[in-house]
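**Q** what shape does this take:
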Amino acid sequence: MTFTPGGCRDLNKFINDEKVLDAFSKLISGKSGYRTILERRKEPVICKNCKKHLTGEEKFCPECGTKVEKKEKKEKV
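**A** Numbers count the residues shown, from 1 in each chain. Here you go, the predicted structure:
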(Lines give C-alpha, C1' and ligand atoms only; values in the text may rest on other atoms or scores of the structure.)
Protein backbone atom coordinates (compact mmCIF):
# COMPACT_ATOMS: atom_id res chain seq x y z
CA MET A 1 0.00 0.00 0.00
CA THR A 2 1.36 3.42 -0.92
CA PHE A 3 1.43 6.36 1.42
CA THR A 4 1.07 10.03 0.54
CA PRO A 5 3.63 12.60 1.79
CA GLY A 6 1.38 13.42 4.76
CA GLY A 7 1.45 9.80 5.87
CA CYS A 8 -2.10 8.98 4.80
CA ARG A 9 -2.95 5.93 2.74
CA ASP A 10 -3.54 6.56 -0.94
CA LEU A 11 -6.94 5.02 -1.69
CA ASN A 12 -7.49 6.52 -5.16
CA LYS A 13 -7.26 3.10 -6.83
CA PHE A 14 -10.44 2.06 -4.97
CA ILE A 15 -12.56 5.08 -5.98
CA ASN A 16 -14.37 3.27 -8.83
CA ASP A 17 -15.05 0.10 -6.82
CA GLU A 18 -18.81 -0.52 -6.37
CA LYS A 19 -18.42 -1.77 -2.79
CA VAL A 20 -16.50 1.34 -1.77
CA LEU A 21 -19.10 3.59 -3.42
CA ASP A 22 -21.92 1.75 -1.61
CA ALA A 23 -20.14 2.08 1.75
CA PHE A 24 -19.40 5.78 1.13
CA SER A 25 -23.02 6.41 0.10
CA LYS A 26 -24.34 4.75 3.26
CA LEU A 27 -21.86 6.69 5.41
CA ILE A 28 -22.89 10.03 3.90
CA SER A 29 -26.66 9.51 3.78
CA GLY A 30 -27.19 7.12 6.69
CA LYS A 31 -29.45 5.04 4.41
CA SER A 32 -28.92 1.72 2.64
CA GLY A 33 -29.51 1.69 -1.09
CA TYR A 34 -28.74 5.40 -1.51
CA ARG A 35 -26.23 6.23 -4.25
CA THR A 36 -23.98 9.26 -3.79
CA ILE A 37 -23.02 11.07 -6.97
CA LEU A 38 -19.30 11.85 -7.09
CA GLU A 39 -18.56 14.96 -9.08
CA ARG A 40 -15.26 14.93 -10.86
CA ARG A 41 -13.66 18.23 -11.70
CA LYS A 42 -12.89 18.88 -15.36
CA GLU A 43 -10.44 21.54 -16.35
CA PRO A 44 -11.74 23.74 -19.18
CA VAL A 45 -10.06 23.26 -22.56
CA ILE A 46 -8.97 26.57 -24.07
CA CYS A 47 -7.14 27.15 -27.34
CA LYS A 48 -3.65 28.40 -26.54
CA ASN A 49 -3.62 30.62 -29.64
CA CYS A 50 -7.02 32.39 -29.76
CA LYS A 51 -8.27 31.58 -26.21
CA LYS A 52 -11.58 30.09 -27.50
CA HIS A 53 -13.32 27.71 -25.06
CA LEU A 54 -13.51 24.22 -26.53
CA THR A 55 -15.52 21.11 -25.68
CA GLY A 56 -12.41 18.94 -25.37
CA GLU A 57 -13.35 16.66 -28.27
CA GLU A 58 -11.66 18.75 -30.96
CA LYS A 59 -8.25 17.90 -32.39
CA PHE A 60 -7.94 21.38 -33.91
CA CYS A 61 -9.45 24.70 -32.87
CA PRO A 62 -12.44 25.49 -35.12
CA GLU A 63 -11.69 29.22 -34.83
CA CYS A 64 -7.97 29.42 -35.70
CA GLY A 65 -6.95 25.86 -36.67
CA THR A 66 -4.31 25.44 -33.94
CA LYS A 67 -3.74 21.84 -32.85
CA VAL A 68 -5.29 21.19 -29.43
CA GLU A 69 -2.88 19.61 -26.96
CA LYS A 70 -4.54 17.56 -24.24
CA LYS A 71 -2.95 17.60 -20.82
CA GLU A 72 -3.26 14.42 -18.81
CA LYS A 73 -3.67 15.03 -15.08
CA LYS A 74 -4.42 12.73 -12.22
CA GLU A 75 -7.94 13.05 -10.86
CA LYS A 76 -8.35 14.19 -7.32
CA VAL A 77 -11.51 13.25 -5.58
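
**Q** pLDDT score for residue 6?
**A** pLDDT for residue 6: 64.

**Q** which residues of the chain score low on pLDDT?
**A** The chain contains residues with pLDDT under 70 at 1-7, 71-77.

**Q** leaving out sequence neighbours, find the closest residue to the residue of the chain most remote from its centre.
**A** Largest separation from the mean C-alpha position in the chain: residue 64, at 28.2 Å (CA atoms, centre = their mean). Nearest non-adjacent residue to residue 64, counting by CB to CB, 6 or more residues apart in numbering: residue 50, 4.3 Å away. No exception for glycine: its C-beta is placed from N, CA and C like everyone else's.

**Q** same check, this time on residue 36
**A** Once flanking residues are discounted, residue 36 sits nearest to residue 25: 4.1 Å by CB to CB, 6+ apart.

**Q** quick check, that neighbour in a strand?
**A** No: assigned with DSSP: H, G, I helix; E, B strand; the rest coil, residue 25 falls outside any strand and is helix.
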